[in-house]
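**Q** Based on what follows, work out the 3D shape:
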Amino acid sequence: MAERVLRSNEKVRVWPGKSYPLGASWDGAGVNFALFSENASKVELCLFESTSATKENHSIIMTEYNNHTYHCYLPDCRPGQLYGYRVHGPYEPHNGHRFNANKVVLDPYAKAVARNVKWSEAMFSYRFLNQDEFNDDDNAAFCPLASVVDTSFTWANDSPPSIPWHQTVIYEAHVKGMTYLNDIIPEHLRGTYSALAFEPVISHLKELGITAVELMPVHFHIDDKHLIDNGRSDYWGYNTISFFAPDTRFSSSDDAAQAVQEFKTMVRILHSNDIEVILDVVYNHTIEGNHMGPTLSYRGIDNKSYYRLVEGDEKYYFDYTGCGNTLNVRNPRVLQMIMDSLRYWVEEMHVDGFRFDLASTLARTFYDVDKLGAFFDIIHQDPIISQVKLIAEPWDLGNGGYQVGNFPVLWTEWNGMFRDSVRGFWAGKGISLSEMATRMAGSSDLYAWGGRSPHASINFITCHDGFTLHDLVSYNGKHNDANGEGNRDGNDENICWNCGWEGECDNDEINELRWRQKANMMTTMFLSLGVPMISGGDELSRTQKGNNNTYCQDNDLNWYDWKTSENGDKEEFLDFVKALVNFRNSQPVLQRRNYLKGRAPGKGKLADVVWLHADGRPLSNEEWDDARNQCMGYTLEGQSINEMDEMGKLITGDTIAVLINAHFHDIQFKMPQHRDGKPWILRLYTFRDSGLRPGHLWQGGDAFPLKHHSIAVFTLYRVKYYQKKKSASIVSL
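**A** Residues are numbered from 1 along each chain as shown. Okay, here's the model as predicted:
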C-alpha cells in the first residue's frame, strides 16, 4: 500500500478504538492508537504532514480511556502517517510528575522514527538559566516524530538456524563499524543493514566459523545534546529512545519504513547462511537522563510510572546505570513494554536472541538484585522469549550489581571472570594454574551449582567496551584524550601488558611477542568449554590507538580496517584465527555439553581430562595454587566425552593435548604418553618462527621445545587424518 499522511484540509474521522495493542497499529483499514499513562489528565494525538513541519496539522483529543490507556481509531489513517502526543497533567517534579503539554512526545511503542530530534531549549521542561522555571516553549518544530508502519514482509521460507549453544560462536559487531571501510561493498550501502548482509561480509563470517552475530544496539537512539555540542555522537548507540524501531542511521534509505524492511532483509539473508542474529538491548535506562534531561517521551508521558525515583524526593532518579536514570521494572506496564518489545523483535523481526546490557538492573525488585524477580519470572514463562538465546551482562553500577554466576537457568552470561583471568595469566599478573584450569573447563564454580551447563559461560577476552585485542598487548594504560574528557573516562584497570613499549613500534622482537600474545589469548578462548565470543575486528588486528572508551568516536578509531593484505602480520593473524575457530568447530571434545569430571566415564575408558606438569606427571595440589607456576599441559580424551548426539549415538572425537607456557623462559615439555602408544600430531603452535609445522609427529615422552609465551596444540595420531593432512599448512588445520 502506498504511504500517505492526512492533510490539513482533510476531515479526520475518529472512532473509539481499543486499548490493546499499545502503539499505532495498522490493520489494513485504518490505524488504532493506544498510549498508556496512569497519571495523565488528558492526551492529544498530534498528526504531522511532513518531517519538516513545525507544528501538527491535526490535534485529536483521545476521549476513550480504560486500563490506564488512552485510545482511538482513525479509519482514514494510513502507513506513513507522522504523529506524536501531547500529554496533560501536573508538573510537580518533587512528586515525580513532569507532564508538559507544550511538548510533543514520542510514542514508546513507535515502530519507526521518521524524524530525529533537533536540539533546542524547547526540548527541556525547564529554563537553562533558571532550572526551577517551567519552560512552556512549544517543541513541535524540534521533537522526534513516529511513523505508522505496515509490518508486512515476504519472509519466504525463512526459519531460525537454531544453532545449539555448545556449537555457537559469537561475533560482536557494530553495523557501521564493521562495514564502512570495506571497499568491496558498494559505497552507498556501506555502514548499513544491507552491507552487513552483503556477500564479502557473509563470506568473512563463514570463513571465521561464526554462527551468530551479536549486533551492538540497533534500537533507535538519540545523541546526547552535550555530544552534539562538542562535535561528537553516541556512536555505540546505548542511549535508546524507542525499543521497537530500528535505528535509521543504519538504513540505506531516508524512509523510516524502509529501515524496517531493510533490517528484515538483513536477517533473512543471514539466516539463509546459517548465521543467527542476536541484539544488544538496553532496557535499563533511556536517553532522557537525570532530572536535568530533556522531555522526549517517557518523562512527559508518565514519569512516575516509567522511572525509578528517589523515595522522599521524587525529583531525582535512581541511577544504577551511570546514564542518569533507571527504568522502573517494578511497574507492570513497564515490564509489559519490555516483553512486548522482545516479542516484537522475535516474532516480527525474526531475531534469534538478546544480550541484555547491565542486566542486573532488570533484576532489582527494590534495591537488591533478585534473580527470582518478576522480570525473570515473566521471561521464563513466555513461550516465545524463553526459547531464544538470552545473554546477560551480569553487572550494573549499583551496590551488589556484580552478579557473574548468579543468573537463573535459561540464561548465559558474559563471563567477566574468564576475561580477567585469561588476561591476567598472559599479562603475568600471577593468576594460578587452578584458576586458569577452572575458567578453561567451563567455570563450573560459577554455573554448575545453579543447574547450568558450560555454555552458560560466554567466554570473551575483549568486547566493544575497553581495549581491542591488539591494544591489549600494545598499551599499559588508556589514551582517551580524543573523547574530550581529559582522559578521565574509561576503565583505569585493563589487565594488560604492552610487551615492553607503549603504543605502536617498529621493534621486531616486541611486535613478534605481541602477535604471539594475541594468538595465545585467542587460542585460550577457543580451547575453553563455553561459548566463545570474538570482538568484531580483533581478527583484523583492529586498533583504537589505546582508547578504551570509544563510545563517541564515529571515525576510524571504530571503523574496521579491512586491508590486512597490506600488512603481513595482520594477514597471518587473520588466517590463524580462521584456522583456530574452524579447528574448534571440528572437535567434539571442545564442544562438550557437560562439565569435565577428571575421571573415566566407565570401565575401560580413560579420564576425560588430565592436567600435566612440564615433566609429564600430573600436577600436585601445591603446583596448582602456586602463582609462580605459569606452565601446564592437559589432555582431553576424545573417547570419553560420554554424550549422545541427536540420534542417540555416542559422540567421540579426537583426543587433544595442549601445552601452555606463560613464563618468560622456554621449557622442554615432556609429551604425554597415551595408553594406545600412538604419537601426537602438531596441529597448532602460536610460536610461528619455530620451524615446526602442523603435521609433525611427536612421540609420547619426547621433549617439545615450548617457547616462552606460547601454546601448542596436538591431536592423537589417526591414520586417515594423517594421510590426508600430512602436507597441510597452519591455514588448513
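**Q** mind listing the helices for the stretch 551-700 of the chain?
**A** For the stretch 551-700 of the chain, the helices defined by DSSP state H, counting those that start in this stretch occupy 568-585, 621-625.
**Q** What does residue 257 show for phi and psi?
**A** Backbone geometry at residue 257, expressed as degrees, to the nearest 10, gives phi -70, psi -30.
**Q** still on that earlier bit, turn the helices of the stretch 551-700 of the chain into TSV, including mean neighbour count.
**A** Where you see a C-beta, it was placed from the backbone N, CA and C, and this is true even at glycine. TSV is the format used below for the helices of the stretch 551-700 of the chain (neighbours: other CB atoms under 10 Å):
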stretch	mean neighbour count
helix 568-585	19
helix 621-625	13
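**Q** Pick out the shakiest of those helices, pLDDT-wise.
**A** Lowest mean pLDDT of the helices of the stretch 551-700 of the chain: helix 621-625, a mean of 91.
**Q** Please list the residues outside that helix that contact it.
**A** 432-434, 437, 611, 613, 629 (CB atoms under 8 Å, 6 or more residues apart in numbering).
**Q** which of those residues sit farthest apart?
**A** For those, the farthest-apart pair by CB to CB is 432 and 613; their separation is 14.2 Å.
**Q** Name the helix or strand of this protein that has the lowest mean pLDDT.
**A** Lowest mean confidence among the helices and strands of the chain (mean pLDDT, DSSP states H and E): helix 719-725, at a mean of 53.
**Q** Closest to the mean position in this protein, which residue would that be?
**A** residue 280 (4.3 Å; CA atoms, centre = their mean).
**Q** That one touches residue 219, doesn't it?
**A** No - between residue 280 and residue 219 there is no contact under CB atoms under 8 Å: 9.1 Å.
**Q** Between these two, which contacts overlap?
**A** Joint contacts of residue 280 and residue 219 (CB under 8 Å, 6+ apart) do not exist.
**Q** Figure out which of the helices of the stretch 551-700 of the chain is closest to residue 328.
**A** Closest to residue 328 of those, according to CB to CB: helix 568-585, at 41.7 Å.
**Q** List the contacts of that closest one.
**A** Contacts of helix 568-585 (CB under 8 Å, 6+ apart): 167, 169, 207-210, 511, 515, 518-519, 522-523, 526-527, 532, 534, 538-541, 564-565, 590-591, 683-684, 688, 713, 730-733.
**Q** All the helices of the stretch 151-300 of the chain, residue numbers only.
**A** Going by DSSP H, counting those that start in this stretch, the stretch 151-300 of the chain shows helices at 175-179, 193-196, 199-207, 225-229, 256-272, 298-306.
**Q** so what does the longest one touch, helix or strand wise?
**A** Looking back up the chat, that one is helix 256-272. Applying 3 or more CB pairs under 8 Å, 6 or more residues apart in numbering; DSSP states H and E, we find helix 256-272 packed against helix 193-196, strand 240-246, strand 276-281.
**Q** now with 7 Å?
**A** With contacts defined as 3 or more CB pairs under 7 Å, 6 or more residues apart in numbering; DSSP states H and E, helix 256-272 has these neighbours: helix 193-196, strand 240-246.
**Q** ok, so of the contacts of helix 621-625, who is nearest residue 694?
**A** Nearest to residue 694 out of these is residue 611 (CB to CB; 24.3 Å).
**Q** Same list, the helices and strands packed on helix 256-272, but as JSON lines with mean neighbour count, mean pLDDT and distance to residue 298 please.
**A** Formatted as JSON lines, those follow (neighbours: other CB atoms under 10 Å; pLDDT from 0 to 100; distance: least, CB to CB, whole Å):
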{"stretch": "helix 193-196", "mean neighbour count": "25", "mean pLDDT": "98", "distance to residue 298": "26"}
{"stretch": "strand 240-246", "mean neighbour count": "25", "mean pLDDT": "98", "distance to residue 298": "9"}
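**Q** Select the longest helix from the protein.
**A** Ranked by number of residues, the top helix in the chain under DSSP state H is helix 508-527.
**Q** mean confidence score for it?
**A** Helix 508-527 shows an average pLDDT of 98 in the prediction.
**Q** Check stretch 289-303 too.
**A** Stretch 289-303 comes out at a mean pLDDT of 98.
**Q** Please convert the buried members of the contacts of helix 568-585 into ChimeraX selection syntax.
**A** In ChimeraX, a selection of the buried entries from the contacts of helix 568-585 looks like this (16 or more other CB atoms under 10 Å):
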select :169,208,209,210,511,515,518,519,522,523,526,527,532,534,538,539,540,541,564,590,591,683,684,688,713,730,733
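**Q** Tell me, how many residues neighbour residue 438?
**A** 17 (other CB atoms under 10 Å).
**Q** my guess is it meets residue 445, correct?
**A** Yes - at 5.9 Å, residue 438 counts as touching residue 445 under the criterion of CB atoms under 7 Å.
**Q** The nearest residue to residue 489 once chain neighbours are set aside and residue 559: what is the separation?
**A** In space, and not counting its chain neighbours, residue 489 is closest to residue 549: 5.0 Å by CB to CB, 6 or more residues apart in numbering. Distance of residue 549 to residue 559, given as CB to CB, to the nearest Å: 17 Å.
**Q** do the same with residue 331
**A** Going from residue 331 to residue 559 by CB to CB gives 40 Å.
**Q** Next: residue 673.
**A** In terms of CB to CB, residue 673 sits 51 Å off from residue 559.
**Q** Repeat that for residue 223.
**A** Residue 223 is 18 Å from residue 559, by CB to CB.
**Q** Surely residue 449 is within a strand?
**A** No - counting by DSSP: H, G, I helix; E, B strand; the rest coil, residue 449 is not found in a strand; it is helix.
**Q** what pLDDT does it get?
**A** Looking at residue 449, its pLDDT stands at 93.
**Q** same question, the one 10 residues further on
**A** Residue-level confidence at residue 459 comes out at 98, pLDDT.
**Q** That one: what's it in contact with?
**A** Listed by CB atoms under 7 Å, 6 or more residues apart in numbering, the contact partners of residue 459 are 415, 418, 525, 528, 530-533.
**Q** any chance you could read off phi and psi for it?
**A** phi -90, psi 130.
**Q** Quick check: closest non-adjacent residue to it.
**A** Here the residue nearest residue 459, using CB to CB, 6+ apart, is residue 530, at 4.4 Å.
**Q** And that neighbour, how far from residue 716?
**A** Separation of residue 530 from residue 716 (CB to CB): 23 Å.
**Q** between those two, who's got more neighbours?
**A** residue 530 (28 against 21).
**Q** residues contacting the more buried one?
**A** Counting by CB under 7 Å, 6+ apart, residue 530 touches 415, 442-443, 454-455, 457-459.
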